[in-house]
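Participant: Sequence first, then the predicted structure:
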Amino acid sequence: MLRNQKGISVYTVISIILFVGLIVVLAIPNFFNLDKEQNITDCTNNMKEIWVAATDYLKDTNADFDGDLEILRTTHKAQDPNSYYLGKRSHCPETSRQKHDYLVYGKYVSEQIGDETKHNYGVIVYCPNLGTFPKHFIPKMFYENMDPTQLQNYMIDDLDYINEHTGSNGTKKLEMVEKYINIWKEDPQAFEKRKEDNTVLRAMLFPEQFGLGADNF
């Protein structure tokens, strides 16, 4: 058997090299964040958790939420004073150095139906890296068992429309999500308009798909 001067066989040396190489290969995906599918799952799970926290906060405050996650992390739940709305700080797993919070917008709309006041809550959460990673998007199926209000259902359907019509174009997807949020922020009649016509907000985002021009809005 071949041996070096210290008596270690060449085969032993080769085995050690191969073992170290295997460890390196297995570690690379974690070290360089290469497991894209797992990153998508982790990111969407983070956003789902934030969505639940923001929705609970809106239900207790009956007011819009401007997206300051520190409020959710430092405010005790109205129904459970021993717990905070959001327990931990999380970030997109694709973030390498500078970490940015997830982006959130919460809209509250009340309706007076006879003597009854109906409360509507709608929350949008999106990844700060959406422009680069367009699959980091809460899927429509998530909301099925979340008992969404009418307003949230409007947002769910419109966001799904945005997702379908932007596909892998993350830059366009990010642009449309932010434009959509601005509609809700700036137009006090957005809820009534959406109730009357389920395409009206989509047409504002994609006028060319509805045979319209920018002058129509």
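Facilitator: Nice, thanks for sending it over.
Participant: When you work out contacts or count neighbours from here on, use the C-alpha atoms and nothing else.
Facilitator: Noted.
Participant: ok, the residue nearest the centre of the chain to residue 102 distance?
Facilitator: In the chain, the centroid-proximal residue (C-alpha atoms, centre = their mean) is residue 126; its distance is 3.2 Å. According to C-alpha to C-alpha, to the nearest Å, residue 126 stands 6 Å off from residue 102.
Participant: What of residue 70?
Facilitator: With distances taken as C-alpha to C-alpha, residue 70 is found 11 Å from residue 102.
Participant: Distance check, the closest residue to the residue nearest to the centre of the chain other than its chain neighbours against residue 153.
Facilitator: Taking C-alpha to C-alpha, 6 or more residues apart in numbering, and ignoring the residues beside it in sequence, residue 126 has residue 103 as its nearest neighbour in space, at 5.4 Å. Distance, residue 103 to residue 153, by C-alpha to C-alpha: 19 Å.
Participant: So which elements touch the host helix or strand of residue 183?
Facilitator: Using DSSP states H and E, residue 183 sits within helix 170-186. Packing partners of helix 170-186 (3 or more C-alpha pairs under 8 Å, 6 or more residues apart in numbering; DSSP states H and E): helix 150-166, helix 190-196, helix 200-205.
Participant: go again using 7 Å as the cut-off
Facilitator: helix 150-166 (3 or more C-alpha pairs under 7 Å, 6 or more residues apart in numbering; DSSP states H and E).
Participant: Return the helix it packs on as PDB; C-alpha atoms alone will do.
Facilitator: Written as PDB, here are the backbone C-alpha positions of helix 150-166 (Å, rounded to 0.1, in the frame of the first residue of the first chain):
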ATOM      1  CA  GLN A 150     -65.200  41.900   2.000                       C
ATOM      2  CA  LEU A 151     -62.400  44.400   1.700                       C
ATOM      3  CA  GLN A 152     -59.700  41.800   2.200                       C
ATOM      4  CA  ASN A 153     -61.400  39.600  -0.400                       C
ATOM      5  CA  TYR A 154     -61.200  42.500  -2.900                       C
ATOM      6  CA  MET A 155     -57.500  42.900  -2.100                       C
ATOM      7  CA  ILE A 156     -56.900  39.100  -2.400                       C
ATOM      8  CA  ASP A 157     -58.400  39.000  -5.800                       C
ATOM      9  CA  ASP A 158     -56.700  42.100  -7.100                       C
ATOM     10  CA  LEU A 159     -53.300  41.000  -5.800                       C
ATOM     11  CA  ASP A 160     -53.800  37.600  -7.400                       C
ATOM     12  CA  TYR A 161     -54.600  39.400 -10.700                       C
ATOM     13  CA  ILE A 162     -51.400  41.400 -10.300                       C
ATOM     14  CA  ASN A 163     -49.400  38.300  -9.600                       C
ATOM     15  CA  GLU A 164     -50.800  36.500 -12.700                       C
ATOM     16  CA  HIS A 165     -50.200  39.400 -15.000                       C
ATOM     17  CA  THR A 166     -46.700  40.200 -14.000                       C
END
